[in-house]
Structures are given as structure tokens and as C-alpha cells.
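Here is my input; please provide its structure:
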Amino acid sequence: MSQYLELTDTDFIPIGIKLTMPLITRASAIIDGRCRREIGIKTYTERIPLTDKQRGHLSYYPVVEVKEVKGRPKQGLMGNFFGPPGFETITDISTIDIDKDIGTVWCGFSPFGSAYAELEVTYTSGWETIPDKVKVACGLIIGQLAANPNSNVKSKKDFDYSIEYFGNSMITPEIADLLYEFEHRSFR
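Here you go, the predicted structure:
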């Protein structure tokens, strides 16, 4: 489970709020839900279809390291007479060109000269150190959680016991702007 602040990171939270691990965990989970990914380093395995120009795109970026690549050629040695070929391990990863900042992939042809139809890539993605924008967003969410521990209650009345609920989001426009560059965007 993600934790984007430590108990010692009091610079990122509003004054007067006691920082606790449950608050950090809850705020970090809200950030993961908004971004649809973890911000820290995580390993992913995904299959990406390739265009006719042998280009594709990984879903999560920045890419830290590519661990393994398998490719499925469009045709085998005998064409597709015996069915479509299976995935084969690409041992020389240097033949794969990956723009690590945005996850764009380009690869050459298979050893038999056939273009690849898709790749299966195992890679790590994320940020080694949590960016300050994420820490500030986490602090702002912790401030909201501490001010109103029951975040979906709009108003309470003690004498007649009425409670109004609403579907409030903890993500304000300011927090959304801070997290915008870390959100998962699919290119497929």
C-alpha cells in the first residue's frame, strides 16, 4: 500500500494537524485512486499491439527499467499455415527503442524478418523519490480528512438525528492540478 508522506513530513500538512499513519494511508489511497496508478516504483507486465511501423506505447511512465521483452511475429517461418506464431523472447533488448519519459516503444523485425504484431513487456515504472507535488496533494487531503473525518456527511443535526449524505470528492481543483501529470492515460 502506498504511503506518500512520512510521520516526519510535517512541512506538507496544515498547521495544527497531528500526522498519523492512518491519515497518510487514506490520503495516499485517494491519490492512487485519482491517478489510477501508484506513484512509486512498481513492476508491470503488459501486451502492447504494434502499428505497421512497429510502434507501440506502454501504459505507465516514466519507465525506469525494461526487464523482459517477448514478441509475437505476424507470421512464422511457414506463414500462418500452422496457426499464428507464439511469443518468443527477445534476448537482445537493445533492439527495442523505448522513450522512457513517455513510454513510446519502437522495435525492429523478428530474427526471421517478419514484423512483430505485439510485444509483451515486463518493466518497472514510477518515481524513485516521491515528487513534492504529490506530497503537497497528500498534505492537502490529510487536512481535509482531519477537519472532517466522515467525509461524506454534509450536515448533522443532534436534536432530531437527521444526517444528510452526499457524494463529495476529496479532490479539489487545486489537488487535481497538482496530480494532473501523474494520472494514468491510456494511449490505446
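
Could you measure from the residue nearest the centre of the chain over to Glu183?
When Cα atoms, centre = their mean is applied to the chain, the residue found nearest the centroid is Arg37 (2.8 Å). Counting by Cβ to Cβ, to the nearest Å, the separation of Arg37 from Glu183 is 8 Å. Every residue, glycine included, has its C-beta placed from N, CA and C.

Which parts of the chain are strands?
For the chain, the strands defined by DSSP state E occupy 42-49, 55-57, 63-73, 88-89, 96-99, 104-107, 116-125, 153-157, 162-165.

pull the CA atoms of stretch 17-31 into PDB?
Extracted C-alpha coordinates of stretch 17-31, given in PDB (Å, rounded to 0.1, in the frame of the first residue of the first chain):
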ATOM      1  CA  ILE A  17      -3.000  18.700  12.400                       C
ATOM      2  CA  LYS A  18      -1.400  15.700  14.000                       C
ATOM      3  CA  LEU A  19       0.000  13.400  11.300                       C
ATOM      4  CA  THR A  20      -0.800   9.700  11.800                       C
ATOM      5  CA  MET A  21      -0.200   6.700   9.600                       C
ATOM      6  CA  PRO A  22      -3.900   6.000   9.100                       C
ATOM      7  CA  LEU A  23      -4.400   9.500   7.700                       C
ATOM      8  CA  ILE A  24      -1.300   9.100   5.400                       C
ATOM      9  CA  THR A  25      -2.500   5.700   4.200                       C
ATOM     10  CA  ARG A  26      -6.000   7.000   3.500                       C
ATOM     11  CA  ALA A  27      -4.800  10.100   1.700                       C
ATOM     12  CA  SER A  28      -2.300   8.000  -0.400                       C
ATOM     13  CA  ALA A  29      -5.100   5.600  -1.400                       C
ATOM     14  CA  ILE A  30      -7.200   8.600  -2.500                       C
ATOM     15  CA  ILE A  31      -4.300   9.800  -4.700                       C
END
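
Give me the residues contacting that stretch.
When contacts are defined by Cβ atoms under 8 Å, 6 or more residues apart in numbering, stretch 17-31 is touched by residues 1-7, 9-10, 13, 39, 134, 137-139, 141-143, 145-146, 170-171, 179.

How many residues are close by the residue lying closest to the residue nearest to the centre of the chain once chain neighbours are set aside?
Using Cβ to Cβ, 6 or more residues apart in numbering and skipping residues adjacent in sequence, the residue nearest Arg37 is His184, 4.5 Å away. By other Cβ atoms under 10 Å, 12 other residues sit near His184.

contacting residues for His184?
By Cβ under 8 Å, 6+ apart, His184 lies in contact with 35-37, 59-60.

just Gly103 next, same as before
57-63, 125, 187.

before we move on, what about Arg55?
Applying Cβ under 8 Å, 6+ apart, we find Arg55 in contact with 104-106.

got a list of what the residue lying closest to Val63 once chain neighbours are set aside touches?
Leaving out its chain neighbours, the residue that sits closest to Val63 by Cβ to Cβ, 6+ apart is Lys100, at 4.3 Å. Residues near Lys100 by Cβ under 8 Å, 6+ apart: 61-64.
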